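Enquirer: Return a 3D structure for these sequence lines:
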Amino acid sequence: MVEWTDSERRAVEKVWNNIEIDVIGPLILSRCLIVYPWTQRYFGNFGDLSTTTAILNNPKVAKHGVVALTNLKLAMDNMDNIKNTYAALSVLHSETLHVDPDNFRMGKKFIPDMQAAWQKYLSTVVAALSKQYH
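Expert: Numbers count the residues shown, from 1 in each chain. Purely as a prediction, here's the structure:
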């Protein structure tokens with residue numbers, strides 16, 4: 001189990017309080033598919049992903065971006081139990097979808113304390129999602 005300081009919890013919550021999931025979710029997944037085109041193989045049933053415009057205007061990409069970011073926020077709501085919170089998603093992504101766990105890693109530019117808290121938060125989420133792989 002990961003131990004969180006009050007400062008780390010506040011840093012993670014502060015960022016989430018400024019995120020509009022319905023806006024940012026689609027943008028994050030779109031950017032992932034554009035910048036890392038090999039990740040498109042996981043979304044074969046999403047239709048046309050052949051161009052940046054197609055990705056940005058794809059309703060399935062937008063919808064899944066919201067789902068993904070909503071599930072990432074679920075970790076904040078369950079910071080003391082992230083591993084169990086992600087147990088089913090870990091099985092889905094590893095055994096059914098065969099998603100490379102490195103695709104879950106993200107980076108953000110924050111002030112050092114916030115960067116450290118978010119790095120710990122995202123590392124814990126990645127570990128929980130990767131649990132089935134080991």
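Enquirer: alpha carbons only for contacts and neighbour counts from here, please
Expert: Fine.
Enquirer: Residues contacting stretch 125-134 from elsewhere in the structure, which ones?
Expert: Residues external to stretch 125-134 that are found in contact with it (CA atoms under 8 Å, 6 or more residues apart in numbering): 72, 75, 82-84, 86-87, 89-91, 93-95, 101, 104-105.
Enquirer: List only buried entries from the residues you listed.
Expert: Neighbour counting over the contacts of stretch 125-134 (16 or more other CA atoms under 10 Å) leaves 72, 75, 82, 83, 86, 89, 90, 91, 93, 94, 101 as the buried ones.
Enquirer: coming back round to it: max pairwise distance over the contacts of stretch 125-134: which two?
Expert: Based on CA to CA, the longest span within those runs between 75 and 95 and measures 21.0 Å.
Enquirer: Can you pull up the most central residue in this structure?
Expert: The centroid of the chain falls nearest to residue 72 when counting by CA atoms, centre = their mean (5.1 Å).
Enquirer: Extract the residue ranges of this protein that are flagged as low pLDDT.
Expert: 101-115, 118, 133-134 (pLDDT under 70).
Enquirer: So which residues of it form helices?
Expert: Along the chain, counting by DSSP state H, helices occupy 6-17, 21-35, 52-56, 59-77, 82-85, 87-91, 112-130.
Enquirer: picking that back up, okay, the residue lying closest to the residue nearest to the centre of the chain once chain neighbours are set aside and residue 47: tell me how far apart.
Expert: Closest residue to residue 72 apart from its sequence neighbours, by CA to CA, 6 or more residues apart in numbering: residue 125 at 7.7 Å. Here residue 125 is placed at a distance of 29 Å from residue 47 (CA to CA, to the nearest Å).
Enquirer: No further questions, thank you.
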